[in-house]
Each structure stands twice: as structure tokens, then as C-alpha cells.
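Peer 1: fold the following for me, if possible:
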Amino acid sequence: MVAQAICRRLGARDAALYQALRMEGFRRETRAFRFAPEDEAAMPNDEAAARLERDYVVGAYDENRLIGIGGLSCFTGAKTGHRALLYGMYVDADYRGAGAADAIMRALLDEARARVEIVVLTVVSENARALRFYTRWGFRPYGVDKCAAKIAEGNYLDETLMALDLRAM
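Peer 2: Prediction:
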């Protein structure tokens, strides 16, 4: 267990560690994400590095070990530039409940407050733990994307759409 996770923005040099932790999450929590491990495995390292340079992606560390990640991607354009998408939150199962997710969220929302007015996200509707976490941080559901992901044997996962209006804070 980590006493207090240290967070920092990830850059291109962190691409391999970032992808490895994403792959771990997709493999361990197959029903918690809309993405499949094979989707991430097909992403070239330079594309992951470009994502880390373009978006604001935070990593939580226990000493030198990357234990959690989360990203913020700002929309562009005159009509949508006031919004950002929070994505890819994952904390290694061995570190859950120790504050790493809160540290990541704090860092992402600090960045968001400096850049946008509204943060949106999607979460698999059956992921009760994640729904409670996002609700605790002030996100509110505003809809459901039915059958957002198709999984094995023709089953589907719905996603809950959530938003946090930073203007109200």
C-alpha cells in the first residue's frame, strides 16, 4: 500500500509504461472498459507517445512504480472548446482504496479548471465502484449510451454519460 501517491504528468518517454498499465486494466477488468486489450496492443508506441504529448495524462506512482493513470482531452473549436473528456482512469487493484484515484482526479480537475468549464466522461453502467467514485467527485449522470460496447457472445455494455460543471464550483 502506498502512503500517498505522487502524481505527475506523463510525457512521450512514458508511453511504454502507460500502455502496459492500460493493457493490464483491459485484461483484468474486461467489463469495466469499452476498449479491448487487442485494441491497445495494436496501437504503435509512437501513437501512444503522441497521445501523451497532446492530452493531459497523469500517472500516480508508488515510488518508481506507475500504479494509476487518467487522462483529460480538451475539445477544440469555437463551440466546443469549453469542454473536456476525462478518460482512461485506472488504478492497479493492489492500490485501490489508498488514495491514488483521488490524487489522479485532483490533478486532472486542477488542469481542467484552468482550461475548460465542463468535464464529461463515460463509464460502463455496471461499474458501480466507478460510478460511486465519479459521483463523489461531483459528476452527475445525464444519459445512457445503450449497447455502447459489444462483448463476447453478442452481449453488450451500456455506458452512463456523466458531466461535471466546473462553473458551479
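Peer 1: what about Val144, distance to Ala48?
Peer 2: 30 Å (Cβ to Cβ, to the nearest Å). Yep, even glycine has a C-beta here, placed from its N, CA and C like the rest.
Peer 1: quick one: which of the two has more around it?
Peer 2: Neighbours per residue (other Cβ atoms under 10 Å) separate Val144 from Ala48, with Ala48 holding more: 21 against 13.
Peer 1: show me the contacts for Gly138.
Peer 2: By Cβ atoms under 8 Å, 6 or more residues apart in numbering, Gly138 lies in contact with 164, 169.
Peer 1: quick one, phi psi at it?
Peer 2: phi 100, psi 0 (degrees, to the nearest 10).
Peer 1: now Phe35
Peer 2: Dihedral angles for Phe35 - degrees, to the nearest 10 - are phi -90, psi 150.
Peer 1: so Asp158 makes contact with Ala148?
Peer 2: Yes: Asp158 is within contact range of Ala148, at 6.1 Å (criterion: Cβ atoms under 8 Å).
Peer 1: which residues do these two both contact?
Peer 2: By the contact definition Cβ under 8 Å, 6+ apart, Asp158 and Ala148 are jointly contacted by Val124.
Peer 1: and the least confident helix or strand in the chain by mean pLDDT, what's buried?
Peer 2: Lowest on mean pLDDT, DSSP states H and E among the helices and strands of the chain sits helix 37-41, with a mean of 83. By 16 or more other Cβ atoms under 10 Å, the buried positions in helix 37-41 come out as 37, 40.
Peer 1: tell me which residues in the next helix or strand after that helix are buried?
Peer 2: Moving toward the C-terminus from helix 37-41, the next helix or strand (DSSP states H and E) is helix 45-54. Judged by neighbour count (16+ other Cβ under 10 Å), helix 45-54 contains these buried residues: 48-49, 51-52.
Peer 1: elements contacting helix 45-54?
Peer 2: helix 15-28 (3 or more Cβ pairs under 8 Å, 6 or more residues apart in numbering; DSSP states H and E).
Peer 1: could you dump the helix it packs on to PDB, C-alpha only?
Peer 2: The C-alpha trace of helix 15-28 is given here as PDB (Å, rounded to 0.1, in the frame of the first residue of the first chain):
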ATOM      1  CA  ALA A  15       4.500   5.700 -23.400                       C
ATOM      2  CA  ALA A  16       5.600   2.100 -22.900                       C
ATOM      3  CA  LEU A  17       4.700   2.100 -19.100                       C
ATOM      4  CA  TYR A  18       1.400   3.900 -19.900                       C
ATOM      5  CA  GLN A  19       0.400   1.300 -22.400                       C
ATOM      6  CA  ALA A  20       1.400  -1.600 -20.200                       C
ATOM      7  CA  LEU A  21      -0.800  -0.300 -17.400                       C
ATOM      8  CA  ARG A  22      -3.700   0.300 -19.800                       C
ATOM      9  CA  MET A  23      -3.300  -3.300 -21.100                       C
ATOM     10  CA  GLU A  24      -3.300  -4.600 -17.500                       C
ATOM     11  CA  GLY A  25      -6.500  -2.800 -16.900                       C
ATOM     12  CA  PHE A  26      -8.200  -4.000 -20.000                       C
ATOM     13  CA  ARG A  27      -7.100  -7.600 -19.300                       C
ATOM     14  CA  ARG A  28      -8.100  -7.600 -15.600                       C
END
